[in-house]
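K.L.:
pasting the structure only:
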């Protein structure tokens, strides 16, 4: 059996408030050059290869985060994230999935005192036809949030065309189910191009 691991340190995520400024609307965890809480995020991932074509992984991290309120940056509160993932390949068949949960702690003195938990998971299956660049894909996913207008279930169908081993064109159709009348309840059609270095 083989194993791999990764350790990382970076800026902590940012907390985005709702329009009224009294509730945490979202966690912005994309890379950033600034950090309102001025605390580092520390995390890691551990993966196992029990079979040559199967990988299992778990990951976790934590930090302190702060709300940027009109009056300035508030004191920090806790932030944790945990995840699990797997990937299985057999000839042209590819099956993968992932689960991630992020949690923000409460802070009574904050303009947005309640924290919460956000989680998402997906399962995706694809099959690449031998000798061609064509790959149909189907994906099922679900997003949970403390806010009912953000919760969503998704079924997506698509087709990928691999131009080369590191370049792909994707066409996808998403069937989204969320709170009626919100953006989470609208279907989408996407065209993407991805290139790996």
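P.N.:
Received it, and whenever you're ready, just let me know what you need. Computed from a prediction, not measured in an experiment: that's the story for all the values here.
K.L.:
quick one: pLDDT of the most far-flung residue of the chain relative to its centre?
P.N.:
Most distant residue from the mean C-alpha position of the chain: residue 131, 32.3 Å away (Cα atoms, centre = their mean). Note for residue 131: predicted pLDDT of 88.
K.L.:
let me see the contact set for it.
P.N.:
Residue 131 makes contact with no residue under the criterion Cβ atoms under 8 Å, 6 or more residues apart in numbering. Where C-beta positions appear, they are placed from N, C-alpha and C, glycine not excepted.
K.L.:
from residue 138, how far off is it?
P.N.:
Using Cβ to Cβ, to the nearest Å, one gets 22 Å for the distance from residue 131 to residue 138.
K.L.:
I figured residue 54 hits residue 86, correct?
P.N.:
Yes. Applying Cβ atoms under 8 Å as the test, residue 54 and residue 86 come out as touching, 7.2 Å apart.
K.L.:
can you list the strands that the helix or strand in which residue 161 is found pairs with?
P.N.:
For residue 161, the host element (DSSP states H and E) is strand 152-164. Strand 152-164 has the following strand partners under DSSP bridges: strand 134-144 (antiparallel), strand 167-178 (antiparallel).
K.L.:
pLDDT averaged over the longest one - what is it?
P.N.:
When you say that, I think you mean strand 167-178. Average pLDDT, strand 167-178: 96.
K.L.:
check which element follows that strand along the chain.
P.N.:
Later in the chain than strand 167-178, the nearest helix or strand by DSSP H and E is strand 188-195.
K.L.:
low-scoring stretches of this protein, by residue?
P.N.:
For the chain, applying pLDDT under 70 flags no range at all.
K.L.:
what residues of stretch 127-135 count as buried?
P.N.:
127, 128, 135 (16 or more other Cβ atoms under 10 Å).
K.L.:
kind regards, and thank you for your time.
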